[in-house]
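**Student:** Need a 3D model of the following:
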Amino acid sequence: MSGSEPMDLAGAVARYVRPGTSVYLGNFGAQLFCVGHEMVRQGLRDLDLVIASGGLLMDQLLGAGTLRSVTYGHCWSAVGPSPAWCFRRAAESGDTSVERHELSLGLLTAALTAGAWGVPFMPVPDLPGTGYVDEDWSNGRLAEVGSPFGASRVVAALSPDVAFVHVDLADAQGNGAVRGPLGEVLVAAQASSSVVLVAEEVVSTEQVRDAGITVPGVLTSAVVHHPGAVLPDGAIGRYPRDVEAFESYSRRSRTAEGFAQWLTDEVLHGQRPAAPDVTTVAR
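**Tutor:** Okay, here's the model as predicted:
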């Protein structure tokens with residue numbers, strides 16, 4: 001391809017996300033708070049979220065009323081012992097206004113692989129004795145099928161409309177290098193109709209190749225240059241997690257009223273976290 005369109009964050013969210021859109025927010029271990037918060041600021045609703053490492057970003061999108069459904073690996077605070085309060089309130093109250101589909105990382109990766117391959121489901125190992133099977137944590141995403149070769153547990157395919165992928169480096173051609181755990185990120189990009197790379201740094205193609213291309217430009221629709229994209233989370237080789245911000249969120253979101261005030265102060269009317277000082281890394 002000749003290149004991927006450079007866009008700012010607000011423009012990318014406005015173009016690729018509408019009510020009813022299925023959105024993958026990557027990556028495992030790198031929560032794209034900048035994208036989630038921009039969706040909240042734009043007043044988006046009824047989104048179907050796919051997120052492996054749900055963490056506090058998923059918690060915030062649940063509390064903000066942005067989601068119609070969410071397929072996730074976990075939702076917790078990485079800075080304990082406080083839970084993800086919005087998620088906990090919904091789970092303990094029996095609130096089903098947002099469909100919740102919990103999958104292990106392996107099941108989620110298999111579902112995205114099925115979407116990438118264009119098949120309706122993927123055979124997966126059985127998990128007897130777990131909540132995925134015995135309590136239907138997946139909420140209908142798992143089934144059993146028969147075949148001439150035997151029966152198998154299967155997971156339904158996931159094919160997001162758009163994937164926002166956090167990369168350390170990107171170039172003008174849309175090639176991206178992920179520095180850190182890859183998890184499900186490549187199959188998520190392959191399974192999605194559009195892919196937006198959110199890059200800490202935009203560099204030459206040679207530099208991306210030297211770092212190792214994770215997401216090839218042929219998959220990429222747009223590149224957003226956004227240093228500090230995962231703040232207050234941390235990015236390997238760039239900046240550390242802001243533990244105080246995590247702890248403050250946990251304290252303030254303990255009640256629904258406290259969360260609403262946090263959302264107003266920090267997302268709707270707050271300032272974007274300052275870009276980190278570290279803008280280059282050892283290659």
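**Student:** Can you point out the buried residues in the helix or strand bottoming out on mean pLDDT in the chain?
**Tutor:** Scoring the helices and strands of the chain by mean pLDDT, DSSP states H and E places strand 5-7 at the bottom, with a mean of 89. For strand 5-7, the neighbour count (16 or more other Cβ atoms under 10 Å) marks 6-7 as buried. Where you see a C-beta, it was placed from the backbone N, CA and C, and this is true even at glycine.
**Student:** Kindly report the same for stretch 54-73.
**Tutor:** Buried, per 16+ other Cβ under 10 Å, within stretch 54-73: 54-64, 66-68, 70-73.
**Student:** Likewise for stretch 87-98?
**Tutor:** 87-90, 98.
**Student:** so of those residues, which ones are in helices?
**Tutor:** 87-90 (DSSP state H).
**Student:** just the residues you listed now: which is nearest V218?
**Tutor:** Using Cβ to Cβ, F87 comes nearest to V218 of those, at 36.3 Å.
**Student:** which ones are touching that closest one?
**Tutor:** 54, 58-59, 62, 75 (Cβ atoms under 8 Å, 6 or more residues apart in numbering).
**Student:** For the stretch 101-250 of the chain, which segments count as helices?
**Tutor:** For the stretch 101-250 of the chain, helices defined by DSSP state H, counting those that start in this stretch occupy the ranges 105-117, 131-134, 185-191, 205-211, 243-252.
**Student:** on that earlier part again, the least confident helix or strand of the chain: how far from the chain's middle?
**Tutor:** 20 Å (Cα atoms, centre = their mean, to the nearest Å).
**Student:** and if you look at stretch 130-147?
**Tutor:** For stretch 130-147, the distance to the chain centre is 23 Å (Cα atoms, centre = their mean).
**Student:** Show me the contact partners of that stretch.
**Tutor:** 71, 99-104, 107, 111, 121, 124, 126-128, 151-156.
**Student:** Skipping its backbone neighbours, what lies nearest A156 in space?
**Tutor:** R141 (5.0 Å; Cβ to Cβ, 6 or more residues apart in numbering).
**Student:** And the strands in this structure, which stretches?
**Tutor:** Here the chain has its strands, by DSSP state E, at 5-7, 22-25, 47-53, 67-74, 99-102, 121-124, 142-145, 152-156, 162-170, 176-177, 194-202, 222-225.
**Student:** Format the ones you listed as a markdown table; extra columns: distance to E247.
**Tutor:** Compiled in a markdown table, those are given as follows (distance: least, Cβ to Cβ, whole Å):
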| stretch | distance to E247 |
| --- | --- |
| strand 5-7 | 33 |
| strand 22-25 | 23 |
| strand 47-53 | 19 |
| strand 67-74 | 19 |
| strand 99-102 | 26 |
| strand 121-124 | 37 |
| strand 142-145 | 36 |
| strand 152-156 | 35 |
| strand 162-170 | 23 |
| strand 176-177 | 32 |
| strand 194-202 | 24 |
| strand 222-225 | 29 |
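**Student:** out of the ones you listed, which comes closest to R254?
**Tutor:** Comparing these by Cβ to Cβ, strand 67-74 comes nearest, at 19.8 Å.
**Student:** Just the angle for the closest one relative to strand 152-156, thanks.
**Tutor:** Note on geometry: by axes from the mean of the first three to the mean of the last three Cα atoms, to 10 degrees, strand 67-74 and strand 152-156 are set 130 degrees apart in direction.
**Student:** Tell me the strands beside strand 67-74, with direction?
**Tutor:** Strand pairing for strand 67-74, determined by DSSP bridges: strand 47-53 (parallel), strand 99-102 (parallel).
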